[in-house]
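S.K.: below is the sequence, then the predicted model.
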Amino acid sequence: MKPFATLFLAAVLYSGFVFPKPTQQTQADAERYIIESEGQWAASIVSGDTTALQRFLADDFLGVDPDGSMYNKEKAISETLSGPKTFVSNHTNEVKVRFYGDTAVAQGSESWERRSGEPRYGRYVWTDTWVRRNGHWQVVAAEDVEVAEKSPTK
């Protein structure tokens, strides 16, 4: 074997060990990740922990608040940090995910309780668009609708 061919073969074999190919994620794994991430997003409103949002919100993320105003990743993180002042609890109720190649649409709802103000109890019903980029699922768009709800104890 010629020295160049030997060197080339060694480089190809070595690159497989040093730079392993990303593992293929099944659709079930992706769905589980998206549902768990949606739950973490809901919980972050109460905890103020933005770690999950920083991981899965795309840098070019754009959302629409229930009042119709738009917000980006920076504002989502900023508002999450102040969330514990406003919310006592927030959790997902259901999440349905549909896949279209490297795009997924997650639709669901979450129930919340505010510390004060009206309405005291409510739900967000939302649609989030996820895109797989470089092997990672990220939210690129979100739209939320606020629905007033009676107290869970009444």
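M.R.: Structure's in. What do you need? The model shown is predicted, which means the values in this text are computed figures rather than measured ones. Numbering: from 1, shown residues only.

S.K.: strands of this protein, residue ranges please.
M.R.: For the chain, the strands defined by DSSP state E cover 57-64, 70-72, 87-100, 103-114, 121-133, 136-148.

S.K.: with distance to Gly48 and mean neighbour count as extra columns, can I get these in CSV?
M.R.: Placement of C-beta: from N, CA and C, glycine included. Formatted as CSV, the strands of the chain follow (distance: least, C-beta to C-beta, whole Å; neighbours: other C-beta atoms under 10 Å):
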stretch, distance to Gly48, mean neighbour count
strand 57-64, 16, 17
strand 70-72, 17, 14
strand 87-100, 10, 14
strand 103-114, 14, 18
strand 121-133, 17, 18
strand 136-148, 18, 17
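
S.K.: so which of these is nearest Thr26?
M.R.: Closest to Thr26 of the strands of the chain is strand 87-100 (C-beta to C-beta; 10.9 Å).

S.K.: show me what the closest one is packed against.
M.R.: Using 3 or more C-beta pairs under 8 Å, 6 or more residues apart in numbering; DSSP states H and E, the elements in contact with strand 87-100 are helix 27-47, strand 103-114.
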